[in-house]
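Colleague: Here is my input, please return the structure:
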Amino acid sequence: MSLHRSYPPDTYHGDTGERTAWIRSSDEPADITYRSGGTCEYLATGDRTAGRFGLYRWTFGDEESGPDPHFHRSISEQFYVLAGEVRLYDGDAWVTARSGDFLYVPEGGLHGFRGGNGASMLLMFAPGGPREDYFETLASRREMTPEEHDEFMLRHDTFWV
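Modeller: Just a heads-up that it's a prediction; the model follows:
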């Protein structure tokens, strides 16, 4: 017995289609360069996808970096390793993921990631919240009071464990 899922309701109601596709060229510079030498490229932001999803290409610097275990209440997050090795926390343990490996984290799922040696991955979240400010502020290393830090994390749906 197979389950038949239906498509979501139509969001486009025209008859001929539209010329609305866009491309981000691979030779565009990174949007963020971290002190570690790692970079983040916004392939598709929530603004560009009408809030449906956000997709970044994350490339680590030489030294290992990445966030400790945490969770989000309003977004899912997905990781697809493109090159090298990335350690992913799956809620139970840190596992080594290699090119072609994929991790899906639903809302509330504990996760983290760490990589180095130029490893790269796709990082996708849905729906497409304003994550750019989160990563840009962290990259700036702006000083925050404990109260500002707590408000920043709450505003960006990030809860540390």
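
Colleague: where's the residue lying closest to His156 once chain neighbours are set aside relative to Ala21, distance?
Modeller: Spatial nearest neighbour of His156, excluding adjacent residues (Cβ to Cβ, 6 or more residues apart in numbering): Tyr134 at 4.2 Å. Yep, even glycine has a C-beta here, placed from its N, CA and C like the rest. Separation of Tyr134 from Ala21 (Cβ to Cβ, to the nearest Å): 27 Å.

Colleague: helix, strand or coil for the residue nearest to His156?
Modeller: Under DSSP: H, G, I helix; E, B strand; the rest coil, Tyr134 falls in the helix class.

Colleague: Isn't it up against Thr158?
Modeller: Yes. With the criterion set as Cβ atoms under 8 Å, Tyr134 and Thr158 qualify as a contacting pair; they are 7.1 Å apart.

Colleague: quick one: which of Tyr134 and Ala21 has more around it?
Modeller: Applying other Cβ atoms under 10 Å to Tyr134 and Ala21 shows that Tyr134 carries more neighbours, namely 16 against 5.

Colleague: so what's the residue nearest the centre of the chain bridging to?
Modeller: Averaging the C-alpha coordinates of the chain gives a centre point, and the residue nearest to it by Cα atoms, centre = their mean is Leu123 (3.6 Å). Leu123 forms beta bridges with Tyr56, Phe79, as assigned by DSSP bridges.

Colleague: can you tell me the helix or strand for the nearest residue to Ser36 once chain neighbours are set aside?
Modeller: Among residues not flanking Ser36 along the chain, Gly61 sits closest, at 3.7 Å (Cβ to Cβ, 6+ apart). According to DSSP states H and E, Gly61 maps onto no helix or strand at all.
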